[in-house]
Each structure stands twice: as C-alpha cells, then as structure tokens.
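1. what's the 3D shape of this:
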Amino acid sequence: MKKVALVIILFGCLAGLSFGDSNHNFGIGVILGEPTGLSAKGWLSETVGIDGGAAWSFTGGSYFQLHGDLLVHNFKLFTVDTGKMSFFYGVGARIRFDDDTTFSLRVPVGISYEFEKTPIELFLEIVPMLDLVPATEVDIAGGVGFRYYF
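-> Next comes the predicted model:
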C-alpha cells in the first residue's frame, strides 16, 4: 500500500512535465514553512497545474515528506497592474516518513503572483490534511515560497 501511494504521488509530480497549450513552463523552487523544502510545478493548461514537493519538518518531531497536488487557478479574482495574481485551490496527497509512515489527503488553498517579465512565481498556501494511515487525524501545513520557470 505504501509503495503504491508513493508511485501515485511521483507519477502526479511527473505528469506536470507535459504542458498542453499553456504558455507556462516547468518551475522549481523553495517552500518555507511547515514543512520546508523543494517545490516544483508544471502547467497542464492556462489555469490547471500540478505541483509537488519534497520537504522536511524540524518542529514537533523531525520527518521527511513527499506531496503532490492538482491545482486550479482563478486569475480573474484579483486585478494587478503588472503580472498575474491568482487564487488557487486543489486536492492532493502526501506521504510522511516518520516513526510511522503516514498517508494523507491534502486540500491546498492559496494565492500566487507571477511576474510579467521575470519567470518567477511567488506563492502562499495553507493546506488542511486528513491523515488516513496509520490513523485518521486532521493536520495542517502552510508556507510561502517561490518558483523559477524554465
């Protein structure tokens, strides 16, 4: 079960490498928060992307996690003079490697800003989670980060 869930998450992260008709590219960067680590994102269309991360937590116990999310962006909610700003939401999964391996469903929500002339995205997200294995519990994560697009 653990290996199947890991393969599903990794496949979801890699699926972002084929972009459809979007003018977005593949981005990689850093997320700071709980947990902190590397973040990557690929766009499937103008408003739908897949992100993934590999992150470490050093508060409340030390652990490593992998996560992946399907994200939908609403670029019409905010008006900015330059660049693009969006509200995003989605669904995903994580595997947390600790004393016990935890499998969770994720529901990320946040805002992102894409610069007009620089291939950089800034984002802020809050992620409520429902741990399913080994026990059913509620958890939350969040962070701020950036990605550079190639």
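
2. tell me the first helix or strand C-terminal of the helix or strand bottoming out on mean pLDDT in the chain.
-> Every helix and strand of the chain was ranked by mean pLDDT, DSSP states H and E. The lowest is helix 2-15, at a mean of 45. Using DSSP states H and E, the helix or strand that directly follows helix 2-15 along the chain is strand 27-34.

3. list the helices and strands that next one packs on?
-> strand 36-43, strand 48-57, strand 137-149 (3 or more C-beta pairs under 8 Å, 6 or more residues apart in numbering; DSSP states H and E). Quick note: C-beta positions are derived from backbone N, CA and C, even for glycine.

4. let's have those in JSON lines, adding mean pLDDT.
-> As requested, the helices and strands packed on strand 27-34 are arranged in JSON lines below (pLDDT from 0 to 100):
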{"stretch": "strand 36-43", "mean pLDDT": "97"}
{"stretch": "strand 48-57", "mean pLDDT": "96"}
{"stretch": "strand 137-149", "mean pLDDT": "96"}
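
5. of all the ones you listed, which one is nearest Ser86?
-> strand 48-57 (10.0 Å; C-beta to C-beta).

6. show me what that closest one is packed against.
-> Judged by 3+ C-beta pairs under 8 Å, 6+ apart, strand 48-57 is in contact with helix 2-15, strand 27-34, strand 36-43, strand 63-74.

7. buried ones in that strand?
-> For strand 48-57, the buried set under the neighbour-count rule, 16 or more other C-beta atoms under 10 Å, comprises 48-53, 55, 57.
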